[in-house]
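[1] Predicted coordinates and the sequence they were generated for:
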Amino acid sequence: MTEEFNTQGAENLVAIADQFAESGKVTDVKTFGSGNINDTFLVTLDSSEEQHFVLQRINTQVFRQPQLIMQNMRIFTGHVQKRLQCTPLNRRWEVPRVLLTKDAQDHWRDADGCFWRAISFIGGSQSFDSMRDRSYAKEIGYALGMFHNLISDLPPEKLADTLQGFHITPLYLQHYQEVLAKTRARQSLEVNYCLQFVSDRQTFAHILENAKSKGILPLRLMHGDPKINNVMFDTVTQQAVSVIDLDTVKPGLVHYDIGDCLRSGCNPAGEETENWESIYFDTDLCQLILKGYLSVAKVFLTENDYAYIYDAIRLITFELGLRFFADYLAENVYFKVKHPEHNLARAIVQFKLTESIESQETQIRKIIKDMISCPPNYP
């Protein structure tokens, strides 16, 4: 939570939460989750109908048109709920609901102009910041596959682009070059490593966007941030039951999602480690996640889609490292940090992970090829 936001008292938070309370009285509001962009809280109610909901202050420095986020969420969640009613699953699957204020609005602006929204809490579920056990791998893949499957028939033009340029790697590279030109980076082994790493991979940054512009890869709807901690697991069955954090659901390439899911899921050391030697891309986890994903995504993927999966894994990992490093050079204006070198450390994690992916290209491509010839049936 930002220092500026800490100045607001608990009473203020309760009053804001009360705007969205459908039934019962707000009894508690506490910080929730570990997101890098928005401020998120878990609200507790003294109600037998709904005991919790999630309250968020949208970061309008990042999301300049937050009303478009809410418009997208209402269209997207409404579509998925209809799909689930028409074709019920043989297992639990939920999509968060947008909660309205007492005057039927999908957001609330406080006296300072801050943009607040509330969504339903997925009860009896939990999320994890890293892979707790290999048994979760297929479920993580299944979750993303189910997410993509349920929106595969929703035309991309129905949703607004809530974050212009998001997951367009060439634009991040351009931004990095602009920041670098204005900055005198402090020389160190770590900074020099990152500078050289980016320099060696500049032409690769265009691979997915070039395929999209040539019509090789189709424009679809993507989640935008399908990392592990955005997958909710049932606390009893340990099955995936939802994918949350829907602010970046927008037109794009599903490859950015596939790559990001594997980047996040196949790094046992986690994103915040500073033990560089421990970082590697786990191909066994990659195989399991893809098996879960393709069990529900194979109905809409094309031959060309499969051909670019390896490139997506490598690119999205490089892209995130590039974004962290550019933000470090710009003195940490985008991602929340705990110390001045935090984004530099995060960038090195992603670059080391990219190196591990590159060193295992043959094996990763074989895993993908084997999945095509023997499509998985899971669960």
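    Now that the structure is in, tell me what you want to look at.

[2] Thought residue 243 was touching residue 76, still the case?
    No. Counting by Cβ atoms under 8 Å, residue 76 does not reach residue 243; the two are 11.2 Å apart. Heads up, the C-betas are built off the backbone N, CA and C, glycines and all.

[3] So which of the two has more stuff around it?
    Each of residue 76 and residue 243 has its neighbours counted (other Cβ atoms under 10 Å); residue 243 has more, 27 against 22.

[4] phi, psi of that one?
    Phi and psi for residue 243, reported as degrees, to the nearest 10, are phi -120, psi 130.

[5] Now it: closest residue in space, sequence neighbours ignored.
    In space, and not counting its chain neighbours, residue 243 is closest to residue 147: 4.6 Å by Cβ to Cβ, 6 or more residues apart in numbering.

[6] just for the stretch 201-350 of the chain, where's the confidence low?
    Low-confidence segments of the stretch 201-350 of the chain, defined by pLDDT under 70, are absent.

[7] Do a quick rundown of the helices in it.
    207-213, 254-265, 283-297, 303-307, 309-329, 342-359 (DSSP state H, counting those that start in this stretch).

[8] Let me know which of those helices is tucked in deepest.
    Among these, helix 254-265 has the highest mean neighbour count (mean count of other Cβ atoms under 10 Å), at a mean of 27.

[9] Tell me which of the helices of the stretch 201-350 of the chain lies nearest to residue 117.
    Nearest of those to residue 117, taken as Cβ to Cβ: helix 254-265 at 22.8 Å.

[10] Could you tell me the angle between the closest one and helix 283-297?
    140 degrees (axes from the mean of the first three to the mean of the last three Cα atoms, to 10 degrees).

[11] Helix 254-265: how far from the chain's middle?
    Distance, stretch centre to chain centre, for helix 254-265: 9 Å (Cα atoms, centre = their mean, to the nearest Å).

[12] do the same with stretch 204-217
    With Cα atoms, centre = their mean, you get 21 Å for stretch 204-217.

[13] Kindly report the same for stretch 293-313.
    Its chain's C-alpha centre and that of stretch 293-313 lie 18 Å apart, by Cα atoms, centre = their mean.

[14] Kindly check the end-to-end length of it for me.
    Length of stretch 293-313, first residue to last, Cα to Cα, to the nearest Å: 14 Å.

[15] same deal with stretch 159-176?
    End-to-end distance of stretch 159-176 (Cα to Cα): 28 Å.

[16] cool, stretch 209-220 as well?
    End-to-end for stretch 209-220, by Cα to Cα: 13 Å.

[17] Identify the residues contacting it?
    For stretch 209-220, contacts defined as Cβ atoms under 8 Å, 6 or more residues apart in numbering pick out 148, 152, 156, 168-170, 208, 251-255, 302, 304-305, 308.

[18] Swap in 7 Å and give it another go.
    Contacts to stretch 209-220, defined as Cβ atoms under 7 Å, 6 or more residues apart in numbering, come from residues 156, 168, 169, 170, 208, 251, 253, 254, 255, 304, 305, 308.

[19] now stretch 285-297
    Taking Cβ under 7 Å, 6+ apart as the rule, stretch 285-297 contacts 131, 134, 137-142, 144-146, 148-149, 258, 261-262, 265-266, 364, 367, 371, 375-378.
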